[in-house]
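Chemist: Predicted model, plus sequence, below.
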Amino acid sequence: MNIQAMTEEENITMNIIKKGRGELFTDPDPDHARAFFQKKSRKMVNKVMTLTKAIETFVHDGDYLALGGFGANRSPIAACHEIVRQGRKNMGFAGHTSTHDFQILCAGEVFDRVDVGYIVGLEARGLSPCARRYMQSGKVKVTEWTNYSLSARLRAAAMGVPFIPTRNLLGTDTFEYSASMIIECPYTGKKLALQPALYPDVAIIHVHESDVYGNVRVRGILKSDNDLAHAAKRVIVTCERLITNEEIRRNPTETTFPYFLVDAVCEVPYGAYPGTMAYEYFSDEEHLREWLKVEEDPIAFRDFLQRNIYDCKDHHEYINRNGGMEKMLQLRTIEHLLHKEGKT
Amino acid sequence: MTNSYNAMELMICVASRDLEDGATLAVGTGAPCAAAMLAQRLNSPNLSILFEAGSVNPQLPEMPISVGDSRAGYKSVMVSTLGAIMETCQRGYVDYAFLGGAQIDMYGNLNSTFIGGTHQKPKVRFPGSGGANDFGSFCWKMMVLTVQDARRFVEKCEFITTPGWLHGGNSRYEAGLPEGTGPYKVFTNMAVMDFEPESRRMRVISINPGYSLKDVQENCGFELLKASKITETQPPTDVELKILREEVDPHHYIIGR
């Protein structure tokens, strides 16, 4: 296989050494993405709406979905519940450091194809029996990548180029089951793995603060969320709190990404619960353990989902069913290590 | 408590001694993080930890549950992105990576993707690479900390998620992985292993107290090479155990396993 480019004197070829056998679930063509972005509104208008409305409007069956946050940290959990509640199906999903969010989407059997960076586990907490059952069922098409590969793929899309070369994946089965290609570098002759641009149809990112237009502030680790916001065709922001545009303009250095990327702004306090939100609240480890435990019994898990997702009007109701404001205050205490200063 | 310790405590203490002052280390949660925290409190106060979620050189107040949680970022000098951390590794700034997996083979390749069945319909699905393939490709020295068990130490990984020395010899560099990188040491409850420089096969260099070479071989699914001089691993000292139990893991999340 050769990509050929003619010059006046000679026929210069770039050598593709190997191709992964995995399926590429999304279109890496930057001109297709440009055509979409050309038509997208850049008006700085009020985009505030309920999460229910945002998911109804911007998340469709069959879409390719990517989420912000890292593991159960700053993940848009309220939005995951809403997607399951609304019964979205046949979606593609970027399993990029995906933990409790993955567990929830598996419970709703929301996606049928997944790009894998990290799935199924909840880091030190163990593996999700529900996510495992779904991934072992044969119902899901899987293409393997790594966490960095998925970051690089979002970066390529955010840059508006079709791929980025990297030096991971080489020599492994992770490459064999990916949709990467290995090429010979035209400058150095070294082998490089190509990471094709990933333009998700829709991204949902939970942030600390946003104004009504979608100028966003994130505190703490960012994972790939800046690139994700730039790469996705549609972006839903859920925020802990709305702030004024005046406040955004007072200190623009703090802005993580700007309004014209964003389609919907939803004010969802504790929207990452039961995960961690840096500088706000720590994860509810007891409740996350409850999830992992109850998943072992599919019947009990069905009742658990009914109680905690399907029968809940919204995220507030879920929180109220699991300790309410008293629990939130405990999680704030743990986040700020106030227990080490004597607070009980 | 003198000279009384469990297998996990032993592995953590022994692994921590290899992390020299001034080094940079990419690490996940669990036992490797405990080893790094112990090293920082004893011989290597200037050991810099990097977590893939984005934090650089945190001062961990306690064991993180997630590499992206508030503890993992506590008093760090910078919180950045996953790409920034991985590219720091790719540029050659990071000395050590500490990894694990469901399977490890004689060349130090790791499987954390699936076991049994097919890729599309696996018997047991695991998380996949996460950041392991990236760290294992980019960091100068890859180390593994795991329990010695013949089901885990297999002749050939069913799936190579993360590259070790691949098929031995020069195969790692022939695949295009950065020159000078590769598996360095494996720490188990029974022994410390390195990799023989020509064949790149796993080799016993030190046996932990209470075990014999026979124990190590019987709990390994492939034939281990033996260093010309095999030493006895120094057991954990009272100071190591005290700091590990009281400061690094006071709730015994890791050492209580």
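Modeler: It's in.
Chemist: Enumerate every residue touching the residue of chain B found nearest chain A.
Modeler: Going by CB to the nearest CB, chain A is nearest to B:Gly176 of chain B, at 2.7 Å. Quick note: C-beta positions are derived from backbone N, CA and C, even for glycine. Counting by CB atoms under 8 Å, 6 or more residues apart in numbering or on different chains, B:Gly176 makes contact with A:Arg167, A:Leu170, A:Gly171, A:Ile182, A:Lys190, A:Lys191, A:Leu192.
Chemist: hmm, which of those residues are the buried ones?
Modeler: Burial by neighbour count, 16 or more other CB atoms under 10 Å in any protein chain shown: within the contacts of B:Gly176 this picks out A:Arg167, A:Leu170, A:Gly171, A:Ile182, A:Lys191, A:Leu192.
Chemist: quick one: the helices in chain A?
Modeler: A:30-39, A:51-58, A:77-85, A:100-107, A:129-135, A:147-159, A:173-176, A:225-231, A:245-250, A:285-294, A:298-305, A:315-320, A:324-335 (DSSP state H).
Chemist: Now render those as a markdown table, adding mean pLDDT and distance to B:Glu9.
Modeler: A markdown table is the format used below for these (pLDDT from 0 to 100; distance: least, CB to CB, whole Å):
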| stretch | mean pLDDT | distance to B:Glu9 |
| --- | --- | --- |
| helix A:30-39 | 98 | 53 |
| helix A:51-58 | 98 | 47 |
| helix A:77-85 | 98 | 36 |
| helix A:100-107 | 98 | 30 |
| helix A:129-135 | 98 | 30 |
| helix A:147-159 | 98 | 30 |
| helix A:173-176 | 98 | 33 |
| helix A:225-231 | 98 | 38 |
| helix A:245-250 | 98 | 50 |
| helix A:285-294 | 97 | 23 |
| helix A:298-305 | 98 | 36 |
| helix A:315-320 | 98 | 39 |
| helix A:324-335 | 97 | 27 |
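Chemist: Looking from chain B, tell me which residue of the stretch 101-250 of chain A is nearest.
Modeler: A:Lys191 (2.7 Å).
Chemist: ok, now which ones touch that residue?
Modeler: A:Lys191 makes contact with A:Ile17, A:Leu170, A:Ile182, A:Ile183, A:Glu184, A:Cys185, B:Ala175, B:Gly176, according to CB under 8 Å, 6+ apart.
Chemist: any chance of those in TSV, plus distance to A:Thr99 and pLDDT?
Modeler: Output for the contacts of A:Lys191, formatted as TSV (distance: CB to CB, whole Å; pLDDT from 0 to 100):
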residue	distance to A:Thr99	pLDDT
A:Ile17	34	97
A:Leu170	27	98
A:Ile182	30	98
A:Ile183	33	98
A:Glu184	37	97
A:Cys185	35	96
B:Ala175	30	98
B:Gly176	31	98
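Chemist: Now, these that are in strands?
Modeler: A:Ile17, A:Ile182, A:Ile183, A:Glu184 (DSSP state E).
Chemist: Direction included, what does the lengthiest strand in chain B pair up with?
Modeler: Secondary structure of chain B per DSSP E: the longest strand is strand B:225-232. Strand pairing for strand B:225-232, using DSSP bridges, gives strand B:202-207 (parallel).
Chemist: circling back: so can I have CSV of the helices of chain A showing mean neighbour count?
Modeler: Shown next, in CSV, are these (neighbours: other CB atoms under 10 Å in any protein chain shown):
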stretch, mean neighbour count
helix A:30-39, 12
helix A:51-58, 18
helix A:77-85, 25
helix A:100-107, 26
helix A:129-135, 22
helix A:147-159, 28
helix A:173-176, 25
helix A:225-231, 24
helix A:245-250, 13
helix A:285-294, 16
helix A:298-305, 14
helix A:315-320, 17
helix A:324-335, 16
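Chemist: Pull up the distance across stretch A:222-236, start to finish.
Modeler: With CA to CA, to the nearest Å as the measure, stretch A:222-236 spans 16 Å from end to end.
Chemist: How about it and chain B, any contact?
Modeler: Yes. Using CB under 8 Å from any CB of the partner chain, stretch A:222-236 reaches chain B at A:Leu222, A:Lys223, A:Ser224, A:Asn226, A:Asp227.
Chemist: so what's A:Phe70 closest to, chain neighbours aside?
Modeler: Of all residues not flanking A:Phe70 in the chain, B:Gly68 sits nearest, at 3.3 Å (CB to CB, 6 or more residues apart in numbering or on different chains).
Chemist: wait, doesn't that neighbour sit right on A:Asn73?
Modeler: Yes. Using CB atoms under 8 Å, B:Gly68 is in contact with A:Asn73, at 4.0 Å.
Chemist: Please identify which of those two sits among more neighbours.
Modeler: Neighbours per residue (other CB atoms under 10 Å in any protein chain shown) separate B:Gly68 from A:Asn73, with B:Gly68 holding more: 33 against 30.
Chemist: residue boundaries of the strands in chain B?
Modeler: Secondary structure of chain B (DSSP E): strands at B:24-26, B:48-50, B:55-56, B:78-79, B:96-99, B:103-104, B:110-111, B:114-117, B:122-125, B:141-145, B:182-187, B:191-195, B:202-207, B:225-232.
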